[in-house]
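Trainee: sequence and computational prediction follow.
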Amino acid sequence: MEMTVTDVEYVARLARLELSMAEKELFAGQMGAILGYVEKLKELDTDGIVPTSHAVPMENSFREDSAFSSIGQEKALANAPDRAGSFFAVPKVIE
Amino acid sequence: MKYQPVIGLEVHVQLLTESKIFCGCSTTFGAEPNSQTCPVCLGLPGALPVLNKKVVEFAIKAGLSTNCSITPRSIFARKNYFYPDLPKGYQISQFEDPICQHGWLDIAVDGGELKRIGITRIHMEEDAGKLVHGELSGPGDGSGVDLNRACTPLLEVVSEPDLRSSDEAVTYLKQLHQIVTWLGICDGNMEEGSFRCDANVSVMPVGSNILGTRAEIKNVNSFKFVKQAIEYEIQRQIDHIEDGGTVVQETRLFDPNSGTTRSMRSKEEAHDYRYFPDPDLVPLVISREWVERSRLELPELPEQRRQRFMDKLGLPLYDAEVLTASRALADYFEAGVAAHGNAKAVGNWIMGEITRALNDSGTVIEACPISPGLLAELLTLIDNGTISGKIAKTVFDEMWRSGKAPQAIVDEQGLVQVSDSGAIESLIDEIMAANAGQVDEYRGGKEKVFGFFVGQVMKASKGKANPSVVNELLLHKLKG
């Protein structure tokens, strides 16, 4: 299946990836090959077959509604690249 | 040209659970930033979300109360986008097969007619974290993220674009608000964001059946703002079209200070959420038995209760609506009726004195210092002629202040109504003697002077004279 550089750029933007032109061309070829492989499924007759949402045959896994004590601010923030007081610090977001 | 507005609402209802939807962190509002977090709601790698059963129960109740069908097998999906308040890079929501579908609410429109507003779907999802700006102790220029709210359970209730005016939108919204608070699944606090609304607004020429392009308005957190935002947006779109422009599909932010909406540039990029089933959460299968069990647990809903108040207790529509404004108020009213018997009288006192006193003191009915039983006792004192309606208000104020029983107040303060005709007669004689001029006027045919005499007698008796006895005696004496 044909993948263009434009397709790659679109996906890269959604994933917030910055790619060089060489990478875009390389990935267009590779992604096209992957999709082409998956395309084979189209040869099967899937009329009347419910789409599979989950591979594991399980349902209704619940927890009861009771609160536990959380891990605490310090642990929560331990891996933060940047913090401001007890907040995670991020670049300014304006609405 | 005349334009017809078309409005659909998406309402986020925060559920009153103790713990979050996919982890056991507390949902209490106002805790220290990031203190109610764990690997699941922080979006740490390898954490496994597990569904809170109560969220499902609440969703079923909401669905049944809005005439939805409950989907026998529903699944969760990942909605992928990047935003600093979304730690995982996706929100767990429902896309295909939401838990409730195809419901409706009947709302009263102009002239009391009912109009059916379709509910497309109700789905369960997690909330995002909260961003704070400009109040940080750290690096001055950035924003801060608090993930306490992340993973808080929400229902999103999506209406069909069936609403045709800002008033209809507000009526629908109030009705939905009443249902979720009545069910006890949401605290309904709009300021704290427990019940929030996005409005999809478009306009089309009157008579057309082709919907115009819509704008989605965010951040409308009161009924008043919903009305204001929708009205502003309708006019903005009409003006824009009449100036030769075309409405673009976009997200707009309502600014309560100016009452206007403006484009949110950050959300301009076409949305491509790439929904797919979340492999971490197994399908949710809801049996018929489960649905029926939930149906049995439903309280009598506001609409049913309103109808019963009209049919069984003989209340007019207006009274029935006011008295079912909240479940607590309706309970109070019914307890009062059970203790006293006269629904109309109990209703009048609740809508009058009780409501006034609650408003004046900023109290809610749940904390009303006068119990329904004591209110009934007060009304009985009026019924049996012990006190007049006027004195009853004095007694009421004292009951409110002291919490004492009405009979005790009447005894202590000697407020018993005077029905003794001898005592009243002598008052009347004195007053007629002192106002001979008015007596002549009355006898000369000026009948409205009668009211003057009633007032004088009541005043002279300090309000304690039985008004019907006063009327009867006055009439007799003035006729001469």
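Mentor: It's in. Numbering: from 1, shown residues only, chains lettered A, B, ... in the order given.
Trainee: can you list the weak-confidence ranges in chain A?
Mentor: By pLDDT under 70, the low-scoring segments of chain A are A:94-95.
Trainee: where exactly do the strands run in it?
Mentor: A:62-63, A:83-84, A:87-90 (DSSP state E).
Trainee: which residues in chain A form helices?
Mentor: For chain A, the helices defined by DSSP state H cover A:5-14, A:21-39, A:73-77.
Trainee: reformat the ones you listed as TSV; add distance to B:Met399.
Mentor: C-betas here are computed from N, CA, C, even on glycine. Shown next, in TSV, are the helices of chain A (distance: least, C-beta to C-beta, whole Å):
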stretch	distance to B:Met399
helix A:5-14	66
helix A:21-39	77
helix A:73-77	49
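Trainee: out of the ones you listed, the one nearest chain B is which?
Mentor: helix A:73-77 (4.4 Å; C-beta to the nearest C-beta).
Trainee: please point out which parts of that closest one sit buried.
Mentor: For helix A:73-77, a neighbour-count test (16 or more other C-beta atoms under 10 Å in any protein chain shown) marks A:73, A:76-77 as buried.
Trainee: number of residues surrounding the closest residue to chain B within chain A?
Mentor: Across chain A, the shortest distance to chain B (C-beta to the nearest C-beta) belongs to A:Ala84, at 2.5 Å. Residues lying near A:Ala84 (other C-beta atoms under 10 Å in any protein chain shown) number 21.
Trainee: one more: A:Gly29?
Mentor: If you count neighbours by other C-beta under 10 Å, A:Gly29 ends up with 11.
Trainee: circling back: export the strands of chain A to CSV and append columns for distance to B:Gly63.
Mentor: Below are the strands of chain A laid out as CSV (distance: least, C-beta to C-beta, whole Å):
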stretch, distance to B:Gly63
strand A:62-63, 18
strand A:83-84, 41
strand A:87-90, 36
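Trainee: nearest to B:Val439, out of these?
Mentor: strand A:87-90 (82.0 Å; C-beta to C-beta).
Trainee: counting contacts, what elements does the closest one pack onto?
Mentor: Here strand A:87-90 touches strand B:143-146, going by 3 or more C-beta pairs under 8 Å, 6 or more residues apart in numbering or on different chains; DSSP states H and E.
Trainee: which strand residues bridge the residue of chain A closest to chain B?
Mentor: A:Phe87 (DSSP bridges).
Trainee: close enough to count as contact, it and B:Asp146?
Mentor: No - if you go by C-beta atoms under 8 Å, A:Ala84 and B:Asp146 don't touch, sitting 10.8 Å apart.
Trainee: against B:Asp280, how distant is the closest residue to B:Val282 other than its chain neighbours?
Mentor: Distance criterion C-beta to C-beta, 6 or more residues apart in numbering or on different chains; nearest residue to B:Val282, sequence neighbours excluded, is A:Met58 at 4.5 Å. As judged by C-beta to C-beta, to the nearest Å, A:Met58 and B:Asp280 stand 12 Å apart.
Trainee: which residues are in contact with the strand or helix carrying B:Thr380?
Mentor: Assigned by DSSP states H and E, B:Thr380 falls within helix B:372-383. Here helix B:372-383 makes contact (C-beta atoms under 8 Å, 6 or more residues apart in numbering or on different chains) with B:332-333, B:335-336, B:338-340, B:342, B:345-346, B:349-350, B:354, B:387-389, B:392, B:395-396, B:399, B:405-407, B:410.
Trainee: get me the contact residues on the stretch 201-350 of chain B for chain A.
Mentor: Contact residues (C-beta under 8 Å from any C-beta of the partner chain) of the stretch 201-350 of chain B with chain A: B:253, B:264, B:266, B:272, B:274, B:277, B:279, B:281-285.
Trainee: what's the closest of those to B:Trp182?
Mentor: B:Leu284 (24.9 Å).
Trainee: so how many other residues sit close to that closest one?
Mentor: The burial count for B:Leu284: 22, using other C-beta under 10 Å.
Trainee: contacting residues for the closest residue in space to it that isn't next to it in sequence?
Mentor: Once flanking residues are discounted, B:Leu284 sits nearest to B:Ser74: 5.0 Å by C-beta to C-beta, 6+ apart. Contacts for B:Ser74 (C-beta under 8 Å, 6+ apart) come out as B:94, B:97-99, B:283-284, B:286.
Trainee: now swap in A:Gly29 and tell me
Mentor: Going by C-beta under 8 Å, 6+ apart, A:Gly29 touches A:Met3.
Trainee: relative to B:Gln228, how far out is the spatially most central residue of chain A?
Mentor: Centroid-nearest residue in chain A: A:Ala15, 7.7 Å away (criterion: C-alpha atoms, centre = their mean). Distance, A:Ala15 to B:Gln228, using C-beta to C-beta: 39 Å.
Trainee: and for A:Thr6?
Mentor: Using C-beta to C-beta, A:Thr6 is found at 43 Å from B:Gln228.
Trainee: and chain A, which of its residues are near chain B?
Mentor: Within chain A, the positions near chain B by C-beta under 8 Å from any C-beta are A:14, A:16, A:53-56, A:58-68, A:70-73, A:76-77, A:79, A:82-95.
Trainee: quick check: closest non-adjacent residue to B:Val203.
Mentor: According to C-beta to C-beta, 6+ apart, the nearest residue to B:Val203 is B:Tyr3 (4.4 Å).
Trainee: ah, wrong one, I meant B:Gln249
Mentor: Among residues not flanking B:Gln249 along the chain, B:Thr213 sits closest, at 5.2 Å (C-beta to C-beta, 6+ apart).
Trainee: the one you found falls within a helix, correct?
Mentor: No - with DSSP: H, G, I helix; E, B strand; the rest coil as the criterion, B:Thr213 is located in coil rather than a helix.
Trainee: mind listing what B:Phe223 touches?
Mentor: B:Phe223 is in contact with B:170, B:173-174, B:190, counting by C-beta under 8 Å, 6+ apart.
Trainee: any idea how far the residue nearest to B:Leu284 lies from B:Ile60?
Mentor: 11 Å.
Trainee: what is in contact with the two at once?
Mentor: Common neighbours of B:Ser74 and B:Ile60 (criterion: C-beta under 8 Å, 6+ apart): B:99, B:286.
Trainee: quick one: residues contacting B:Val109.
Mentor: Each residue near B:Val109 by C-beta under 8 Å, 6+ apart is listed here: B:115, B:167-168, B:171.
Trainee: just the pLDDT at it, thanks.
Mentor: Listed pLDDT for B:Val109 reads 87.
Trainee: please apply the same query to the one 3 residues further on.
Mentor: Listed pLDDT for B:Gly112 reads 74.
Trainee: pretty sure it contacts B:Glu321?
Mentor: No - in terms of C-beta under 8 Å, B:Gly112 does not count as a neighbour of B:Glu321; the distance is 10.3 Å.
Trainee: more neighbours: which of those two?
Mentor: Per other C-beta under 10 Å, whichever of B:Gly112 and B:Glu321 has more neighbours is B:Glu321, with 15 against 7.
Trainee: is it true that that one touches B:Arg306?
Mentor: Yes - the pair B:Glu321 / B:Arg306 is scored as a contact, 6.2 Å apart, by C-beta under 8 Å.
Trainee: list the buried residues of whichever helix or strand B:Gly451 is part of.
Mentor: In this structure, B:Gly451 sits in helix B:449-460 according to DSSP H and E. By neighbour count on 16+ other C-beta under 10 Å, the buried set for helix B:449-460 is B:449, B:453, B:456-458, B:460.
Trainee: and the contacts of that helix?
Mentor: Contact with helix B:449-460 is made by B:390, B:424, B:427-428, B:430-432, B:435, B:438, B:441-442, B:465, B:467, B:470-471, B:474-475, B:478, as judged by C-beta under 8 Å, 6+ apart.
Trainee: same for the next helix or strand after it, what does it pack against?
Mentor: Remark: after helix B:449-460, the chain's next helix or strand is helix B:467-479, criterion DSSP H and E. Here helix B:467-479 touches helix B:421-434, helix B:436-443, helix B:449-460, going by 3+ C-beta pairs under 8 Å, 6+ apart.
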